[in-house]
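Trainee: fold the following and give me the result.
(3 chains)
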Amino acid sequence: MKRALPILGNIAVLLAGLAILFGLPAFAETYVIINATIFASFAILALSLALIWGYAGILSFGQAAFFGLGGYTYAVAAINFGDTTGAAALAIALPALFAALLGYFMFWGRISDVYLGVITLTVSLILYRFVNQTAGEEWNIGEAPLGGFNGIPGTPILTWPGRPGEQLAPENIFSLAVGLLILVYFGCKALLATRFGRIVVAIRENETRVALLGYDTRLYKLAIFVVGGALGGLSGLMFANSVFVSPTMFSLPVSGQIIIWVIIGGLGTLIGPVVGCILMQILTNWLGTLNQVPGFGWVDPNLVLGVILVVFVLVVPKGLTALVTDAWRWIVTHLSPREREVAPPVEPDRAYPSPSLSPLPRGEGHERRATAESAS
Amino acid sequence: MDYAAILALQISSAVASLVLISLGLAVIFGMMRVINLAHGEFLMLGGYAAITAYNNGVNLWLAMLLVAPLTVGLFGIVVERLIIRHLYGRMIDTMLATWGLSLAMIGFVTVVFGNTVSGISAPLGSLTIGAYRTGAYELFLIVVALVLLAAGWLVLRYTRLGLIARGTMQNAAMASALGVSPSLVYAVTFGVGAALTGLVGGLLAPLSGVVPTIGAAYIAKAFITVISGGAAILSGTAIASGLLGTINTAMTFAFTPVLGEVALLVAAVILLRILPQGITGRFFQRSL
Amino acid sequence: MTAPILETRGLTMRFGGVVAVNGVDFRLQEAELRCLIGPNGAGKSTFFKCLTGQLRPTSGDVLFRDRSIAGSDSHVIARHGVGIKTQVPSVFDGLSVRDNVWLAAARTNPGRLAEQKTDAAIEQVGIGPIVHRIVGQLAHGQRQLVELAMVVAPEPDLILLDEPAAGMTDDEVDRLVDLIKNLNQRHALVVVEHDMQFIRRVAKTVTVFHQGSILVEGDVADILVDARVRDVYLGKQAA
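Mentor: Numbers count the residues shown, from 1 in each chain, chains lettered A, B, ... in the order given. A predicted model of the protein is given here:
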């Protein structure tokens, strides 16, 4: 039963994904399709952080940087060259390159933990501030105006590869986004099962030991960070094709929201952040609409979300996925007592905040990991 | 000559501004390793407290110097007791909870006060230096920053309270064995950090007005300053503010305000790369 | 005579005003087993960390087969063929025993071969029964054994062990003694230890540290009756 869980889980996720991919366009109206496309784009962004943080222990506070770079690169390239397929490829490659440079800068400087978070935060802020003030013609790249805080007007929509002029309809963009989401999800799982992936996870567990075994941990961290950057760019590309490109893509709330989705979904899992992201977005949208209804003026989305979050942290700290897996495990062990399995590692009981004037001890950022067996 | 004076004033003002917005966060993060993502909203709350008090007839100075810190300080203690206390040692959970708190605070203030900007004009009028004019209020804020740093140093270094706080932060179990109640110390420290932040929020209200979302403008810079400063609360914040504030102003004068901001951020990144533990992680390690 | 597999020349480690390791000259031949002993604060662990790359020596040199490794990153030293077991067990608590050992074997072996080497190391150290357990839940002694398997799996030429017997049960210590003797047939070993009973069972040549320098070096039988050594231990350990 225990060994069946991961396989059943994968099948369930695949079926759910395919159901949405083929089912939703058949039943839903266009605006729902477009919303779903946006959700899927953000879900890919959530996966990028879930991967580098949950599995490699790299808390990036600035994934928004790659999101924005992806969107802007696509728009600028598409406007200038007309070839949307090439622009799409660039939209993934450029953020990846940026991640490589930033990663080199950070990991070869042995930056980690909070300091890495601050640097990635700062970098995304730099991009935000910079792009925000690019109104005016002197900031045009070729024929593409950067547009300052208004963003780029008229981003060309993706066309069928090799058939310029035939733009993808919203339903097609949706299929592309969801299809990519499914591919990326299983791609990440496959990556984590490779030798490379296992070493990366070990780095999160105990970087010193990985180095003592002879691996150059900087290379592995750089590689996974680049993957995260590429995925961020991909999500930006899809977002550009469903909404529009503006500096808010680089903003702090975007980076913050991704972190929240990952935590709510369950740090150390892949499906959790995806589900968390989608649920939170649906919730936010719904709250926004509700707020407009007379008599519900007090239902401010921020207020409700904030309270939910706080209650959530105090009551369900391990995230939704752990909640579900714990429930499943409870059911399984009570159905077949002989299958009693090893309990997950207990977090150290901290009555007091960490003392000492050195940075947060290792393990602080990793208290939420699921066990290796339940990684999904 | 007056240009130099104005430049010096602007630099001091920028540095003071960074010190002010970062000090409360430095106390809370530096002493308790708590990442309070609602720090910007504490500032916002201080601003609203001051403006509301003033609009209800309270003297402006009392509103800013008394009402604001008291309100936010008390609020801070409540938050610490209800939320933070349960999450010690759990950095991620604290981040999440304080982010939720920040959203809730923004939402609450929006519901109560609405989305529009409220403001009061800056007191103390203006100052003329040669061919230039500047607000005397900015000067006042520079003085406040210096006073707060000095007061903080005096308290930590010379009072019993300061010693107890420093001892508890370094080794809570030991402090407990000596009869000090760590949880009381934490509550008070968080309250003091919050009160400081509220005070600053009140003081900044005349300069920028208040709107529920104003916290976002401060949180990033405060964070960056505190982390760049390193472990020592006072000297770290002071030095980091000095460095970053100077670079910011210099670049603003040379180019544009936005490029000045960008320069500040770039400087912080480079600083952290060279000194991964912040400035006082390497220099002035034993200072407060 | 072939070059020593490990050598230090004038190795010094200073922390502020404290000289933890004071100009130590040390030589280890291929397939030689050397035990490092000495009272607390003698500098053994600091010396050890200079060998593993965890500390960059203030001055002097560390040579592995005539190649300088002083101040090199740990992973570079490990790649030369050095297996390292630290004083506090450094393992992957969230992973299974098998995964832990596999990670060690996988660096030097591809695919299927890595699996085989993993099994061999597990067998050699005798942790077969617990191979699926999560390491974080094991007893201290068992974790030490897991770490030993990780040291052994990539088949290093030089093995550095810092207090391998700490926290082990008598059975585990027996296994450890056998393992070390076995490994010594082909590998060079440096063992830092406190446990005198253990030293007596395993040691051939012993180096005694005292206040950052080598007090005396020689055959284990001679060392254990040496008056200077007994003084240095203040009679705490009966020779």
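
Trainee: show me what stretch B:43-54 is in contact with.
Mentor: B:21, B:60, B:62-64, B:67-69, B:71-72, B:75, B:105-106, B:109, B:113, B:118-120, B:197-205, B:210, B:212-215, B:218 (C-beta atoms under 8 Å, 6 or more residues apart in numbering or on different chains). Quick note: C-beta positions are derived from backbone N, CA and C, even for glycine.

Trainee: looking at the residues you listed, which are in helices?
Mentor: Judged by DSSP state H, the contacts of stretch B:43-54 include B:21, B:60, B:62, B:68-69, B:71-72, B:75, B:105-106, B:109, B:113, B:197-205, B:215, B:218 as members of helices.

Trainee: please produce a PyMOL select command covering the buried subset of the residues you listed.
Mentor: Filtering those down to the buried ones (16 or more other C-beta atoms under 10 Å in any protein chain shown) takes a single PyMOL command:
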select buried, chain B and resi 21+60+68+69+71+72+75+105+106+109+197+198+199+200+201+202+203+204+205+215+218
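
Trainee: restrict the ones in helices among the contacts of stretch B:43-54 to those near chain A?
Mentor: B:105-106 (C-beta under 8 Å from any C-beta of the partner chain).

Trainee: now do the contacts for residue 100.
Mentor: Assuming you mean chain A. Residue A:100 neighbours (C-beta under 8 Å, 6+ apart): A:222, A:225-226, A:229.

Trainee: should've been chain C
Mentor: So residue C:100 contacts C:91-92, C:135, C:146, C:149-150 (C-beta under 8 Å, 6+ apart).

Trainee: please identify which helix or strand holds it.
Mentor: helix C:97-106 (DSSP states H and E).

Trainee: same question, residue A:179
Mentor: helix A:170-193.

Trainee: pLDDT of that helix, averaged?
Mentor: Taken as a whole, helix A:170-193 has an average pLDDT of 93.

Trainee: again, but for stretch C:185-192
Mentor: Mean predicted confidence for stretch C:185-192 is 92.

Trainee: so for residue 124, what's the pLDDT?
Mentor: In the absence of a named chain, chain A is used. So, for residue A:124, pLDDT stands at 91.

Trainee: switch to chain B, that's the one I care about
Mentor: 70.

Trainee: helix, strand or coil: sort out it for me.
Mentor: coil (DSSP: H, G, I helix; E, B strand; the rest coil).

Trainee: how near is the nearest residue to it once chain neighbours are set aside to residue B:143?
Mentor: Once flanking residues are discounted, residue B:124 sits nearest to residue B:136: 4.1 Å by C-beta to C-beta, 6 or more residues apart in numbering or on different chains. According to C-beta to C-beta, to the nearest Å, residue B:136 and residue B:143 sit 10 Å apart.

Trainee: mind checking which of the contacts of residue A:100 are in strands?
Mentor: For the contacts of residue A:100, not one is inside strands, with DSSP state E as the criterion.

Trainee: now that we have those residues, which one has the most neighbours?
Mentor: residue A:229 (31 neighbours; other C-beta atoms under 10 Å in any protein chain shown).

Trainee: mind listing what that residue touches?
Mentor: Here residue A:229 is in contact with A:48, A:66, A:95-96, A:98-100, A:102-103 (C-beta under 8 Å, 6+ apart).

Trainee: mind doing that once more with 7 Å?
Mentor: Contacts for residue A:229 (C-beta atoms under 7 Å, 6 or more residues apart in numbering or on different chains) come out as A:66, A:95-96, A:98-99.
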